[in-house]
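>>> Build the 3D model from these lines:
(chains A and B)
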Amino acid sequence: MRVRLKFFKYGTMKYIGHLDMLRYFQKAFRRANVPMKYSEGFNPHPVMSFAAPLGVGITSEGEYLDIETDKDVDLNALVSDINSQMVEGCEVSSARELVQNEKKAMAAVTAADYIVYLKKESSLLNETDVKKTVDDFMAQDAIRVVKKTKKGEREIDLKPFVYDFKGDTFASASFLNDLVLDIKNPEFCCENNDPVFFLKVSCGSNDNIKPELVLTTCFEQLMDKENIFAIHRRDLYLDEYPNLKSLGEAL
Amino acid sequence: MRKLFLSDEILMSVEKSARYIGNEVNSVMKDPNAVSLRFCMCFPDVYEVGMSHLGIQILYEMMNRREDVYCERVYSPWPDLHKIMKERNLPLFSLETQEPIKEFDMIGITLQYEMCYTNILQVLDLAQIPLVSKERTKKDPIIIGGGPCVYNPEPIAPFFDILYIGEGETSYDALFDLYISERNKPDYDRESFLRKASKIPGLYVPSLYEVTYKEDKTIESFMPIYEDVPKTVLRQVVTDMDVSPYPTAPLVPFVQAIQDRAVLEIQRGCIRGCRFCQAGMIYRPNRERSLKVLKGYAEKILASTGHDEISLSSLSSSDYTELPELIDFLIEACNKEKVNISLPSLRIDAFSLDVMSKVQDIKKSSVTFAPEAGSQRMRNVINKGLTVDDIMGGAKEAFLGGWNKVKLYFMLGLPGETEEDMKAIPILGNEIAALYYETVPKENRIGKCQITMSTSFFVPKPFTPFQWARMYTPDEYLHRAKVVNDTMKEQLNHKSLRYQWHHADVTVLEGVFARGDRRVADVILYAYEHGQFFDAWGEFFSMEKWIEAFDACGVDMDFYTMRERDIDEIFPWDFIDVGVTKEFFKREWLRATKEERITKNCRDACNACGCMTYNCGICIR
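Residues are numbered from 1 along each chain as shown, chains lettered A, B, ... in the order given. Predicted structure coming up:
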């Protein structure tokens, strides 16, 4: 049985890297007696894969992990069994069975939603009308930007990959309304008047757009500042924009 | 939500920030205000190394069983964080409550190898605790050292308030009880507490002893400064391994530890009595844990951790009497649960090869022998009872079983080593390679066989028959490695042989620390204050800096390394009673160097080493 788990990663768990999360879940599944299906060979590994790696320091309420069990399981019981083995900062919010031949999350993912705000130096945007700047930015026909990849640098047009981009303040941003987790970290700038952003961007193995790239392109004064963005992933999607479907939604 | 001590800004700027956040599965969370004593256990090396250590997990479990005690953990911050903490004056904090450890009652530092000595000072320094015991006051924690290095604690004695000699399971309760009752008295003072603590079995309070030296720099006397302080400190030993505390829900780190697996400690001590081996002496008598208890632990640990691998921990695992039954049980249980078994190095014979073929991929794995010396003469000197016939017989069976990789471990610089003995190492390697080509017909071979020989340089350790032995200069060590290497190249099968050797500088420094006295402490302090720490890590070790430190402190390295000690010399560690008597060590030293004679193992005959007094384990079987 193939199952897609949706989980949250927040609090101190945001410092746990991608590979460490994989080992963490492997061990949690064993503790929870999840009947995982194993690969063959001298070192059998449980069959499981994440949708899209989440960078260290980023929180999320929309992470996905596909697993395969060697017998049918009750999904509600599965979620509560796994959650009984989780530590603070990581919990499974739902599970759904994948339909036959449904693509693995890793191959299916096409887009991601992010909420972004500034960890510090929000004064850099004091003189700026955030809402208008973002709207003007999105009104351009093309957004030329140099993207750094593993193979080097190349110029791309961001425009086709940024599906939605909004700027607002904590006090009035409507895109904060349906968040499940409280993303306001008392360590960072999150007063009522501080700016906060929503992004829906292309995500996946081909055209993966980091939210930092869009923000620093839109607001040049934020360029080259280290560790300035607090990033929270809200959800991951499959299919093509504008017909995006959440990875957690049944097909 | 738990609050972390370090800011997000710092955590995002250092490597592997997960080292500093705690929150691991099975970590113990208590209300620190609801306990009488806060203890912080420290492994003075990086997190991934420290988290692999079984001893800390045992004591963490044992101490936290007490309701009035809360034991937390701390490890050495990596140099990137070290720098930030120094710059910003941030005090070192525990992983569980994320609170400064200088506020704790006690800090226990485990000393597993000499090259971590500067890291002791790093931890104290970052914790903002005075580095030297005599500068500490009522508000500072009691600093306790433990682990194998305390069998000569003198080079680090000034940094500790108490050194715990022996196995931690026995005396901490008495120490905690004493502290809790003393600390609450209005007239509590450190000195009188420490003086009372010195009477608890196994506890050594260095400040209560005075050393005087002769003109030739050797020790003249080593005496307590008060009459009521014991003259000798008796090593502590667990007498019944089946009832001693064991962590059945050990911590599971997020960051991959060096040992990312469940560990079963099957026995303590060793019956063999190799004369170079400190562990074989200081953990006597050999005490086994029963099969029944081990089976229960294995099941509980796998269930509570979710580890997908299990390994056995002990010296000379092949000597565990119920090993076949234990391994059969593990293979059956683990196959069912898809758990891998990581085998310790077993004596190579039909049994171990059969087991290995069941749990490892023969094509990828190798068989390992530790002859320790190349010639039979030298093996007699070190009392290593492995013969050429044992090695050749085992290798032949392995080759027939499909293996073609062999690893061989040796030491160079053993007492009385001649050029013949050095050359015997590659000659033995060549014979094993030749045996492969004789044994395995051409059509069954998968390429060449691969015989890898590794040598380490021998460091004489306290409480071994070789504690009197001299060492050599780094150049001499490298010369000996060259003899081995050159001889290897002359061998017929040299294309099937590989040779690796260790760094010689670290060996010499380790030798100074292993048998040094209190005067060496100045050098360690100087080296730390001039930037040396993480010496166990090649990238941070600098012999030039250490030579500078020895020169600056006027301490002569050669005094500690280049001398063969007089048979009646007073050693810095003589005040410790490890159970094995100095008479036994003398007997063994003479048997080794003068007679070149083997001494039987504890199972075949009792050699009256002195450990019978503990009245447990192999001694009473």
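>>> Apart from its neighbours in sequence, what residue is nearest whichever residue of chain B sits closest to chain A?
Going by C-beta to the nearest C-beta, chain A is nearest to residue B:306 of chain B, at 3.2 Å. All C-beta spots, glycine's among them, are computed from the backbone N, C-alpha and C. Of all residues not flanking residue B:306 in the chain, residue A:27 sits nearest, at 3.2 Å (C-beta to C-beta, 6 or more residues apart in numbering or on different chains).
>>> Surely that neighbour and residue B:24 touch.
No. Applying C-beta atoms under 8 Å, one finds residue A:27 not in contact with residue B:24, separated by 10.8 Å.
>>> Mutual contacts of these two, please.
Common neighbours of residue A:27 and residue B:24 (criterion: C-beta atoms under 8 Å, 6 or more residues apart in numbering or on different chains): residue B:252.
>>> Minimum distance to chain B, which residue of the stretch 101-250 of chain A gives it?
residue A:227 (4.5 Å).
>>> actually chain A, not the one I wrote
residue A:27 (3.2 Å).
>>> So what touches the helix or strand hosting that residue?
For residue A:27, the element it lies in under DSSP states H and E is helix A:18-31. Outside helix A:18-31, the residues that touch it by C-beta under 8 Å, 6+ apart are A:9, A:16, A:36, A:45-46, A:48, A:50, A:53-54, A:65, A:67, A:82, A:85-86, A:90, B:18, B:25, B:252, B:254-256, B:260, B:302-308, B:337.
>>> cool, and stretch B:385-397?
By C-beta under 8 Å, 6+ apart, the residues outside stretch B:385-397 that reach it are B:272, B:347-350, B:353, B:367, B:369-372, B:376, B:379, B:406, B:428, B:431-432, B:435-436, B:439, B:598, B:601.
>>> give the contact list for the residue nearest to residue A:33 when sequence neighbours are not counted.
Distance criterion C-beta to C-beta, 6+ apart; nearest residue to residue A:33, sequence neighbours excluded, is residue A:81 at 6.9 Å. Contacts for residue A:81 (C-beta under 8 Å, 6+ apart) come out as A:32, A:33, A:34.
>>> Buried ones only from these, please, as a ChimeraX command.
ChimeraX command restricting those to the buried ones, with burial defined by 16 or more other C-beta atoms under 10 Å in any protein chain shown:
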select /A:32,34
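>>> and the contacts of stretch B:385-397, which of them are in strands?
Counting by DSSP state E, the part of the contacts of stretch B:385-397 found in strands is B:367, B:369, B:370, B:371, B:372, B:406.
>>> out of those residues, who has the most neighbours?
residue B:406 (26 neighbours; other C-beta atoms under 10 Å in any protein chain shown).
>>> thought that one was touching residue B:430?
No. Applying C-beta under 8 Å, one finds residue B:406 not in contact with residue B:430, separated by 11.9 Å.
>>> Mind giving me the packing neighbours of the helix or strand bottoming out on mean pLDDT in chain A?
The weakest-scoring helix or strand in chain A, judged by mean pLDDT, DSSP states H and E, is strand A:144-149 (a mean of 83). Packed against strand A:144-149 by the contact rule (3 or more C-beta pairs under 8 Å, 6 or more residues apart in numbering or on different chains; DSSP states H and E) you find strand A:152-157, helix A:211-218.
>>> now the longest one against strand A:152-157, angle please.
Calculated by axes from the mean of the first three to the mean of the last three C-alpha atoms, to 10 degrees, helix A:211-218 forms an angle of 60 degrees with strand A:152-157.
>>> Can you name every helix or strand that the helix or strand just after helix A:211-218 contacts?
Sequence-wise, the next helix or strand downstream of helix A:211-218 (DSSP H and E) is strand A:229-238. If you count contacts as 3+ C-beta pairs under 8 Å, 6+ apart, strand A:229-238 packs onto strand A:59-68, strand A:109-118, helix A:211-218, strand A:245-246.
>>> What average pLDDT does strand A:229-238 get?
Averaged over strand A:229-238, pLDDT sits at 97.
>>> Just read off the phi/psi values of the residue lying farthest from the centre of chain A.
The centre of chain A is farthest from one residue, residue A:42, which by C-alpha atoms, centre = their mean lies 34.3 Å away. Here is the backbone geometry of residue A:42 (degrees, to the nearest 10): phi -70, psi -30.
>>> sorry, back to before: what's the closest of the helices and strands packed on strand A:229-238 to residue B:314?
Among the helices and strands packed on strand A:229-238, strand A:59-68 comes nearest to residue B:314, with 36.5 Å by C-beta to C-beta.
>>> So for that closest one, mean pLDDT?
Taken as a whole, strand A:59-68 has an average pLDDT of 97.
>>> quick one: it to chain centroid distance?
For strand A:59-68, the separation from the chain centroid amounts to 9 Å (computed by C-alpha atoms, centre = their mean, to the nearest Å).
>>> Ignoring the adjacent residues along the chain, who's closest to residue B:252?
In space, residue B:252 is closest to residue B:25, 4.1 Å off (C-beta to C-beta, 6+ apart).
>>> And that neighbour, how far from residue B:338?
Note on residue B:25: its distance to residue B:338, by C-beta to C-beta, to the nearest Å, is 19 Å.
>>> Would you mind putting the helices and strands packed on strand A:229-238 into CSV with mean neighbour count and distance to residue B:34 alongside?
Formatted as CSV, the helices and strands packed on strand A:229-238 follow (neighbours: other C-beta atoms under 10 Å in any protein chain shown; distance: least, C-beta to C-beta, whole Å):
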stretch, mean neighbour count, distance to residue B:34
strand A:59-68, 23, 32
strand A:109-118, 23, 38
helix A:211-218, 20, 44
strand A:245-246, 15, 45
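>>> who wins for proximity to residue B:280 among these?
So among these, strand A:59-68 is nearest, using C-beta to C-beta, at 47.1 Å.
>>> got the buried residues for the very next helix or strand once past that closest one?
Counting by DSSP H and E, the next helix or strand C-terminal to strand A:59-68 is helix A:75-83. Residues of helix A:75-83 classed as buried by neighbour count (16+ other C-beta under 10 Å): A:78, A:79, A:81, A:82.
>>> Ok, stretch A:87-99 next?
For stretch A:87-99, a neighbour-count test (16+ other C-beta under 10 Å) marks A:87, A:89, A:90, A:92, A:95, A:96, A:98 as buried.
>>> One more: stretch B:125-134?
For stretch B:125-134, a neighbour-count test (16+ other C-beta under 10 Å) marks B:125, B:126, B:127, B:129, B:131, B:133 as buried.
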